[in-house]
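Visitor: Fold the following and give me the result.
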Amino acid sequence: MTAIGTRAGGVTPGSVGLALALLSAATSGTSGTFASALIGAGWSPGAAVLTRIAVAAPPRPGPG
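Guide: The predicted structure follows:
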């Protein structure tokens, strides 16, 4: 029998959400370094932003 609010294997929805929040914070923290490296290599600021969006968007799940 499992405790209320837990699932088999010990993974709860809250722990998955916390892990995703920490991953999001870590990747947001590196976005400035990523953009400045691209701009330093001759990219325009718009191209750096578009590249960041293109890299970040596909892994995000849709609603539901």
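Visitor: helices or strands up against the strand or helix carrying Leu38?
Guide: Element membership of Leu38, judged by DSSP states H and E, is helix 31-40. In terms of contact count using 3 or more C-beta pairs under 8 Å, 6 or more residues apart in numbering; DSSP states H and E, helix 31-40 is assigned the packing partners helix 45-56. Quick note: C-beta positions are derived from backbone N, CA and C, even for glycine.
Visitor: centre of the chain versus the helix it packs on, how much separation?
Guide: Offset of helix 45-56 from its chain centre (C-alpha atoms, centre = their mean, to the nearest Å): 14 Å.
Visitor: quick one: buried residues of it?
Guide: For helix 45-56, the neighbour count (16 or more other C-beta atoms under 10 Å) marks Ala48 as buried.
Visitor: same for it, what does it pack against?
Guide: helix 31-40.
Visitor: what inclination does the helix it packs on have with respect to helix 45-56?
Guide: 130 degrees (axes from the mean of the first three to the mean of the last three C-alpha atoms, to 10 degrees).
Visitor: who touches helix 31-40?
Guide: Applying C-beta atoms under 8 Å, 6 or more residues apart in numbering, the contact partners of helix 31-40 are 45, 47-49, 51-52.
Visitor: If you rank every helix and strand of the protein by mean pLDDT, what lands last?
Guide: Within the chain, no helix or strand scores below helix 13-29, which has a mean of 83 by mean pLDDT, DSSP states H and E.
Visitor: Spatially central, which residue of this protein would that be?
Guide: In the chain, the centroid-proximal residue (C-alpha atoms, centre = their mean) is Ser24; its distance is 3.6 Å.
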